[in-house]
Structure formats: C-alpha cells, structure tokens
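Q: Take a look and give me a structure for this.
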Amino acid sequence: MGALALLAAATGCGGGGSGTAAGAAATTPAAAQRPSTAASPAPATTPAAVPAAGDAAAWAKWNLKPLPPAPAAPADKPVKLERTGTVPVFSEVKTTDKVVFLTIDDGAEKDPKFVEMLTDLKVPVSMFLTRDIVKDNYGYFKPLQALGNHIHNHTVDHAQMSKVPPEKQKSEICDAQSALTQQYGSAPLLFRPPYGDGANTPALNTAVQQCGPRAIVLWRESMQIHDMQYQAADKKLRPGDIVLAHFRGPKDLKGETMTQMFGELLARVQEQGFAVARLEDYIQAPAS
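A: All right, here's what the predicted structure looks like:
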C-alpha cells in the first residue's frame, strides 16, 4: 500500500487516541509515561526567526491572540545527543520554561496559505517529512525551512515499523534520510516512526543508529481539528511538552483548512499561557 493510501486509511500518523507509540508488543513508550527527560530532541542552530508575541496586526490577520514571546534559547541544552550508541526516545524536554514545541508530520497537505501564516506569525515548527508523500513537491517545504524550521525523518512511505523486518526498517529510514539530505541540504537529526510504532524496540533503535538520526521523537499531545488530545489525565500542557500535528487539509479535516487547524492549535496553546519555542534550540547535536 502506498504512502498516501496508508494515510487515507488512518486519521493521522499517531494523532488518534492516546498518541502513544506502540512498541514491538503494545508497549506504551516514552510518549505516554512522563519519561526521564535526560533525552530530548534535535538539531542545533537557532535561526533568525524567533517566535513572537509579535506583530499584533499579523496575529489579528489570522484572527488569533498573540502568544507570549519564547525565552532565549538555553545555553545549557537540556537534551544532549551523542554521535554513537543507542539513540534516546523522548516525548518532552526537561525545562522549567513555559514553552511547548510544535511538530508537524508527513507533508500530505501543501497549502500556500500555511507558508504565509508561518511567515507572518514566526511560530517555529519542526517538520517530520515522509519521502513518498513530499517528493511530488519538495519545494513547498523550502520556504518553511528558510524561516528556520528544521526538517526531520518520517520514513519513505509511512510504514508501520514494528510490522516490517529489520532490513525494511533500515531502508525506510536510510532512504528517506538520503533523499531529505539531498533536497534540503542538511541531514535530519531526528526520526519519528509513523504512529509512534516500534519506538522502543531494539530493532528500530538499531536502524535509526545505522541511518544517521540521533534521537526518536514522540509526543505528549496531538492536535485534531479543533482541540488537542492529551496523555495527561488533567488535559493540560506542561513545560517542555512536544505536540503532534499533521499537514492536513479539508478532505481530512471535515472541511477545515490547514491554517484553520493550526490556528486552533495556537489558540489552545495561548489559552494555557504557553509560548512556542523551537525544539532544536533545546537540543545539543553531537559534536562533529
């Protein structure tokens, strides 16, 4: 089954119920247990675009209230990645900053208005792209990357990783890694398995190590159409939470657009008084 067919068969890469990752058995991964935060996500580099309480007119254009400005990126990164060895699996970053991190998966919807929205609002996101879903228009994501947003690995064709043999797991990650590196000029530092599946299995960890990413990133909340699904019983955001959303449009969002869904996400963050920070600003990449 192709990548787009797989996406059509599921409501999202893992957004549905608990947003937890499935292991070899149905283990509840780091996404569902508030894990030891010793390990957290990704790239290094902080681009010029910093999330803003920003230009009030820009927020008003999208019928949104401004978010609080994010604090300066910490000098001592809470997540420190190693060049070799087992890669960490995490769904949050250990921080006292009142920030959350927004991640968007797959790349199915390529709405020009979303590029306009992020250009106006300067809200940082981390993109986990699926090669066969984006290869018809790699260029769509380049203006988003130019805003300082990092591109990460989400497999070749959205395979359910615990259901395929180790060799297939490796090709899913390595082939996507090669394509995304070639197209976007830097190797993805982070990997997210579709549906979070297999995140805590030795086979997947080995494949990730062999292909280049240095961490497996899950999530604590997932955005649906108008609201978020929470893993915490009190249904509240916490500092350092990673939030999952998807590149989706009216066909999958019951008529809503990508910008409307993302606006709802920002409203939920704003209502709880959080800023949005760049995930990669909290991660120390391995020394080269």
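Q: just the strands in this protein please.
A: With strands called from DSSP state E, the chain shows them at 79-80, 89-90, 99-106, 126-129, 150-153, 190-191, 215-217, 221-223, 228-230, 242-246, 275-276, 283-284.
Q: gap between residue 70 and residue 239?
A: Distance, residue 70 to residue 239, by C-beta to C-beta, to the nearest Å: 12 Å. For glycine as for every other residue, the C-beta is placed from the backbone atoms N, C-alpha and C.
Q: Same question for residue 113.
A: Residue 113 is 31 Å from residue 239, by C-beta to C-beta.
Q: Which of those two has more residues huddled nearby?
A: Comparing residue 113 with residue 239 by other C-beta atoms under 10 Å, the one with more neighbours is residue 239, at 16 against 13.
Q: Now residue 186: phi and psi?
A: Residue 186 adopts backbone torsions of phi -150, psi 150, taken as degrees, to the nearest 10.
Q: Look up how far residue 127 lies from it.
A: Separation of residue 186 from residue 127 (C-beta to C-beta): 13 Å.
Q: now residue 254
A: Taking C-beta to C-beta, one finds residue 254 at 23 Å from residue 127.
Q: Tell me which of those two has more neighbours.
A: residue 127 (23 against 8).
Q: Contact partners for that one?
A: Counting by C-beta atoms under 8 Å, 6 or more residues apart in numbering, residue 127 makes contact with 103-105, 107, 141, 144-145, 149-152.
Q: Return the set of buried residues in stretch 193-202.
A: Neighbour-count burial for stretch 193-202, counted by 16 or more other C-beta atoms under 10 Å, picks out 193-201.
Q: in stretch 154-171, what counts as buried?
A: By 16+ other C-beta under 10 Å, the buried positions in stretch 154-171 come out as 154-159, 161-162, 164, 169-171.
Q: ok, now stretch 222-241?
A: Result for stretch 222-241 [16+ other C-beta under 10 Å]: buried residues 222-224, 228-231, 237-241.
Q: what about it, how long is it end to end?
A: Start-to-end span of stretch 222-241 (C-alpha to C-alpha, to the nearest Å) is 11 Å.
Q: One more: stretch 154-164?
A: 15 Å.
Q: hang on, the earlier thing: what touches both of residue 186 and residue 127?
A: Listed as contacting both residue 186 and residue 127 by C-beta under 8 Å, 6+ apart are residue 151.
Q: re the thing from before, turn the buried residues of stretch 222-241 into JSON lines, columns for pLDDT and distance to residue 60.
A: Converted to JSON lines, those look like this (pLDDT from 0 to 100; distance: C-beta to C-beta, whole Å):
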{"residue": "222", "pLDDT": "98", "distance to residue 60": "28"}
{"residue": "223", "pLDDT": "97", "distance to residue 60": "22"}
{"residue": "224", "pLDDT": "90", "distance to residue 60": "25"}
{"residue": "228", "pLDDT": "95", "distance to residue 60": "23"}
{"residue": "229", "pLDDT": "97", "distance to residue 60": "29"}
{"residue": "230", "pLDDT": "97", "distance to residue 60": "29"}
{"residue": "231", "pLDDT": "97", "distance to residue 60": "33"}
{"residue": "237", "pLDDT": "98", "distance to residue 60": "24"}
{"residue": "238", "pLDDT": "98", "distance to residue 60": "29"}
{"residue": "239", "pLDDT": "98", "distance to residue 60": "28"}
{"residue": "240", "pLDDT": "98", "distance to residue 60": "29"}
{"residue": "241", "pLDDT": "98", "distance to residue 60": "27"}
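Q: Among the residues you listed, which one sits closest to residue 281?
A: Checking these against residue 281 with C-beta to C-beta, the nearest one is residue 240 at 12.1 Å.
Q: Who are the contact partners of the closest one?
A: Residues counted as contacts of residue 240 (C-beta under 8 Å, 6+ apart) are 37, 40, 78, 92-95, 97, 99-101, 282.
Q: Just the residues you listed: which are in helices?
A: Per DSSP state H, helices hold no members of the contacts of residue 240.
Q: Residue 86: which of those residues is nearest?
A: residue 40 (14.8 Å).
Q: so what sits against both of residue 70 and residue 239?
A: Counting by C-beta under 8 Å, 6+ apart, the common neighbours of residue 70 and residue 239 are 97, 99.
Q: Scan this structure for its longest helix.
A: Under DSSP H, the chain gives helix 166-184 as its longest helix.
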